[in-house]
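Trainee: What follows is a predicted structure for the sequence shown.
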Amino acid sequence: MSIDIIFARRSIRKFQEQIIEEEKLTKIVEAGMAAPSSRNRKHRDHWQKW
């Protein structure tokens, strides 16, 4: 992955009404939970599998 990808990112505000597969959504949430946080405080008590 190139650093250029990070600098070229943009915000998308046009969303499609499309159902996201549970497996994909779970992976996205887990990736977000693995991201660094302030002072490494990772509050996971709010995450519940549906």
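Mentor: Done, it's in. Numbering: from 1, shown residues only.
Trainee: Could you check how far residue 33 is from residue 14?
Mentor: Using CB to CB, to the nearest Å, we find residue 33 at a distance of 27 Å from residue 14. Heads up, the C-betas are built off the backbone N, CA and C, glycines and all.
Trainee: Can you check the pLDDT for residue 45?
Mentor: At residue 45, the model reports a pLDDT of 59.
Trainee: between residue 33 and residue 14, who's got more neighbours?
Mentor: Between residue 33 and residue 14, residue 33 has the larger neighbour count (other CB atoms under 10 Å), namely 13 against 4.
Trainee: what's the distance between that one and residue 11?
Mentor: In terms of CB to CB, residue 33 sits 22 Å off from residue 11.
Trainee: before we move on, what about residue 25?
Mentor: Distance of residue 25 to residue 11, given as CB to CB: 20 Å.
Trainee: Have a look at the two and say which one is more surrounded.
Mentor: Set side by side, residue 25 and residue 11 show more neighbours around residue 25, with 12 against 4, by other CB under 10 Å.
Trainee: and the longest helix seen in the chain, which residues are buried?
Mentor: Ranked by number of residues, the top helix in the chain under DSSP state H is helix 22-34. By neighbour count with 16 or more other CB atoms under 10 Å, helix 22-34 contains no buried residues.
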